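1. structure, please.
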Amino acid sequence: MRQFSLSAGIKLVVASLFLCGAYYLINYSNYYYLFFGNILLLLGLAFLVEGVLFLLLGLIKNIRLKKNSIILTSRFTFIILFITDFIIRLTGTMQTYSEQAEGNYFSIAEQENLDSWYWVHPPNTVITNQKKEFLFSRNVNSIGISEREVSKDKGSTYRILALGDSFTEGVGTSYEDSWVKEMEERWKSHNVSTINGGIGGSDPVFEFVLYRDKLTQFNSNFLILTINSTDVYDIISRGGFERFHADGTAGKSPPSWEWIYASNHLFRMIAQNVFGYNTNLIKEEDPRASKQRAVEVLKDVITRFKELTTSQETQLLVVLQPSIQEFKNGKHTPFFGQTELANFLKREKINYLDTSRAFEKMGVSITDYYYPLDTHFNKKGYALFGRTIYEKMEKLKLLD
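-> Predicted structure coming up:
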């Protein structure tokens with residue numbers, strides 16, 4: 001019995017060292033050495049199970065005769081688990097968006113734990129959007145948006161503010177080729193200026209608070225709010241206005257097991273397909289109900305935008321933007337809630353534009369307007385998006 005207890009103790013100590021090593025390697029390398037972390041994780045689990053088995057062998061006399069077969073079965077099981085995880089990793093079926101686009105795991109949950117209410121870039125910095133398919137840098141102003149410094153006094157200029165996520169910021173192209181600046185160029189002889197308030201990863205709830213607290217000071221004549229399918233999923237993950245805490249922080253802490261999810265693809269498959277977690281590590285009891293709640297939050301945000309812009313004497317245009325995943329053989333399928341939002345905007349008499357039709361006209365060549373891996377617009381896509389919004393505003397005769 002003493003021999004089994006000693007062996008068990010040694011194995012449990014080794015298991016602890018491997019598991020701690022995996023935890024620190026994954027977390028403190030910012031999820032970089034995931035493959036090596038996964039090896040340490042599996043070795044740690046293997047030694048942990050064997051340590052427990054040796055404790056049982058020491059305590060239960062009847063199973064000692066089966067010692068060799070028990071240990072062999074345990075080790076064979078972990079070899080199978082390692083091979084299974086390796087195969088899943090090779091197929092790429094459980095890769096996250098950031099792994100597909102950038103080649104690295106990115107912790108969405110950690111990013112969402114903010115020390116303020118504002119989803120912005122670090123002020124007065126230079127940010128670099130580097131993916132497998134492009135590399136662009138942007139200057140960030142004192143507010144935290146990738147825009148030049150803007151004067152509160154606009155003079156006689158007609159000022160247009162655009163709010164949205166990375167598609168509005170223009171990830172995948174230069175500052176000048178974003179749809180916001182492409183649209184401004186069309187009015188260069190009409191004393192029109194634009195403010196690009198788009199920020200990658202943002203959603204309309206964050207955008208409303210940013211607008212209300214920091215951007216109304218610029219007295220824009222016109223506000224364009226873009227909404228796409230990712231906003232629905234962002235709100236499912238983040239919630240509505242309850243994400244903002246009284247102490248000035250926002251968001252929530254990542255789950256304690258994210259380091260295992262990041263390193264082990266078999267664990268990802270089990271978490272998503274058995275326990276119902278999505279790629280944002282949120283457990284969806286009823287996916288459709290979660291999406292519907294997110295759509296209701298979007299309606300609430302739009303209503304708040306309408307009330308605030310009306311009080312500011314600012315015109316509002318809500319733009320529904322398509323993603324490449326919504327097209328099949330050139331035909332567009334509305335994202336969840338898109339039709340409902342369009343009907344809501346029509347009923348509330350809010351100016352809106354569904355740009356899906358403009359892209360659907362491109363037919364099977366629609367893929368020419370997006371990056372294949374990253375799935376953002378390319379320069380051609382941003383130009384079409386900007387032109388479509390420009391034509392809508394011309395029809396509204398707002399600049400007259």
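
2. low-confidence ranges, the protein, go.
-> 1-2, 4, 58-59, 61-66, 108-111, 284, 400 (pLDDT under 70).

3. can you pull the domain assignment for it?
-> As recorded under automatic domain parsing, the domains making up the chain are 2-91, 118-256+286-396.

4. quick one: which of those is nearest residue 265?
-> Shortest distance between residue 265 and those, using C-beta to C-beta, is found for domain 2-91: 4.2 Å. Bear in mind the C-beta positions are built from the backbone N, C-alpha and C, glycine included.

5. so what's residue 291 up against?
-> Going by C-beta atoms under 8 Å, 6 or more residues apart in numbering, residue 291 touches 232, 236, 336-337.

6. turn the residues you listed into CSV, columns for distance to residue 263 and secondary structure.
-> Formatted as CSV, these follow (distance: C-beta to C-beta, whole Å; DSSP: H, G, I helix; E, B strand; the rest coil):
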residue, distance to residue 263, secondary structure
232, 29, helix
236, 25, helix
336, 31, coil
337, 34, coil
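
7. pull the most distant pair out of those residues.
-> Comparing all pairs in those by C-beta to C-beta, the longest separation belongs to 236 and 337, at 11.2 Å.

8. shared neighbours of the two, anything?
-> 291, 294.

9. out of the two, which sits in the busier spot?
-> Ranked by neighbour count (other C-beta atoms under 10 Å), residue 236 and residue 337 place residue 337 first, with 21 against 18.

10. list the buried ones in stretch 183-199?
-> By neighbour count with 16 or more other C-beta atoms under 10 Å, stretch 183-199 contains the buried residues 183-184, 186-187, 192-199.

11. who's in contact with stretch 184-195?
-> 145, 147, 150, 154, 156-162, 180-181, 183, 215, 218, 220, 386-387, 390, 399.

12. now list the buried members of those residues.
-> Applying 16+ other C-beta under 10 Å to these flags 145, 147, 150, 158-162, 180-181, 183, 215, 218, 220, 386-387, 390 as buried.

13. in helices, which of these appear?
-> Here DSSP state H is the test, and those give 180-181, 183, 386-387, 390 as lying in helices.

14. and which of those is nearest residue 296?
-> Relative to residue 296, the closest of those is residue 180; by C-beta to C-beta it sits at 28.5 Å.

15. roughly how far apart are the closest one and residue 391?
-> From residue 180 over to residue 391 the distance is 15 Å, taken as C-beta to C-beta, to the nearest Å.

16. return the residues in contact with residue 102.
-> Each residue near residue 102 by C-beta under 8 Å, 6+ apart is listed here: 130-132.

17. buried only: go through those residues for me.
-> Taking 16+ other C-beta under 10 Å as the criterion, what is buried in the contacts of residue 102 is residue 131.

18. let me have the contacts of residue 102 in TSV, adding distance to residue 30 and secondary structure as columns.
-> TSV is the format used below for the contacts of residue 102 (distance: C-beta to C-beta, whole Å; three-state DSSP):
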residue	distance to residue 30	secondary structure
130	15	strand
131	17	coil
132	19	coil
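
19. out of the contacts of residue 102, who's nearest residue 326?
-> Ranked by distance to residue 326 (C-beta to C-beta), the contacts of residue 102 are led by residue 131 at 20.8 Å.

20. which residues are in contact with that closest one?
-> By C-beta under 8 Å, 6+ apart, the neighbours of residue 131 are 101-102, 172, 371, 373-374.

21. check residue 113 too.
-> Going by C-beta under 8 Å, 6+ apart, residue 113 touches 249, 251-254.

22. are any of those residues buried, and which?
-> Buried residues within those, counting neighbours by 16+ other C-beta under 10 Å: 251-252, 254.

23. columns distance to residue 55 and secondary structure on top of the residues you listed, output as a markdown table?
-> Shown next, in a markdown table, are the buried ones among the contacts of residue 113 (distance: C-beta to C-beta, whole Å; three-state DSSP):
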| residue | distance to residue 55 | secondary structure |
| --- | --- | --- |
| 251 | 42 | coil |
| 252 | 38 | coil |
| 254 | 33 | coil |
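
24. wait, residue 262 touches residue 26, no?
-> Yes. Between residue 262 and residue 26 there is a contact under C-beta atoms under 8 Å: 6.1 Å.

25. okay, and the common contacts of the two?
-> Jointly contacting residue 262 and residue 26 under the rule C-beta under 8 Å, 6+ apart are 34, 37.

26. buried ones in stretch 128-142?
-> By neighbour count on 16+ other C-beta under 10 Å, the buried set for stretch 128-142 is 129, 131, 134, 136, 138, 140-141.

27. in strands, which of those fall?
-> Of the positions in the buried residues of stretch 128-142, 129, 136, 138 sit in strands, assigned by DSSP state E.

28. for the last one, list each beta-bridge partner.
-> Beta-bridge pairing of residue 138 under DSSP bridges involves residue 127.

29. related to what we said a few turns ago, residue 75: which of the buried ones among the contacts of residue 113 is nearest?
-> Within the buried ones among the contacts of residue 113, distances to residue 75 taken as C-beta to C-beta reach their minimum at residue 254, with 32.6 Å.

30. before we move on, what SS does the closest residue to residue 232 other than its chain neighbours have?
-> Residue nearest to residue 232 in three dimensions, not counting chain neighbours: residue 294, with 4.6 Å by C-beta to C-beta, 6 or more residues apart in numbering. Under DSSP: H, G, I helix; E, B strand; the rest coil, the three-state class of residue 294 is helix.

31. buried residues in stretch 337-349?
-> Residues of stretch 337-349 classed as buried by neighbour count (16+ other C-beta under 10 Å): 337-338, 341-342, 344-345.

32. hmm, who's touching that stretch?
-> With C-beta under 8 Å, 6+ apart as the criterion, stretch 337-349 contacts 227, 229, 232, 291-292, 294-295, 298-299, 302-303, 306, 318, 320, 351-352, 354, 356.
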